[in-house]
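Colleague: Need the 3D shape of this:
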Amino acid sequence: MAPHQRNPRDADEGNKERVDRELIELLNELRVALPGVQVLFAFLLTVPFAQCFEVLDATDRGVYFGAVVASAVASALLIAPSAHHRLRFRAGSKERMLKVANALAVAGMLALAIGAVMYVIASVLYESSAAALIAAAFTAGIAALWFVLPLTHPTDDDASGAPTTDGGRARVPVGTP
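Modeller: Model prediction:
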């Protein structure tokens, strides 16, 4: 179910409780995503000091720098919701803050940075056309997993709000023979 859609089964949950729960869920998701960003960014910061960095041509260095920039931007975007929460704590704007934080978190996903890193690594091992193909395949795969799949996956609820037994395909409510 998309974040903006309300589950009919949660009718007893008030608006304040829903916003509080959604904010906690978002912050917990960021706790999972942020270490990955930090590890990638730390790795990228060490690459220029490695001996093999000298073998990179101008294109590879440009892609490397793009990966550094993309991971730095992702770090900033994924940390921003926590900073926003701290600075706007008890300011009475939690629902707006949640919408902004959600947009920042989605924008902070690392598909471009990971694809660029894959290109740089593959270009050291293979020719540039193979590196480009590998990077494109990884980036497309990540985009499919992180964006296309969640946005195209059917909901698990039928029109009545009852969960289905098969992930939403047959629309058979749970407990129905």
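
Colleague: Just want to check the distance between residue 81 and residue 51.
Modeller: Distance, residue 81 to residue 51, using Cβ to Cβ, to the nearest Å: 39 Å. From N, CA and C alone the C-beta is placed, and that goes for glycine too.

Colleague: Which one of those two is surrounded by more residues?
Modeller: residue 81 (23 against 6; other Cβ atoms under 10 Å).

Colleague: From the contact counts, what lies against the host helix or strand of residue 17?
Modeller: Here residue 17 sits within helix 15-46, counting by DSSP states H and E. Packing contacts for helix 15-46, counted by 3 or more Cβ pairs under 8 Å, 6 or more residues apart in numbering; DSSP states H and E, involve helix 58-87, helix 94-107, helix 111-125.

Colleague: hmm, 6 Å instead?
Modeller: If contacts are counted by 3 or more Cβ pairs under 6 Å, 6 or more residues apart in numbering; DSSP states H and E, helix 15-46 sits against helix 58-87, helix 94-107.

Colleague: what bits of the chain have low per-residue confidence?
Modeller: 1-12, 89, 156-177 (pLDDT under 70).

Colleague: what about residue 155, which SS state?
Modeller: Under DSSP: H, G, I helix; E, B strand; the rest coil, residue 155 falls in the coil class.

Colleague: Many thanks, we can stop here.
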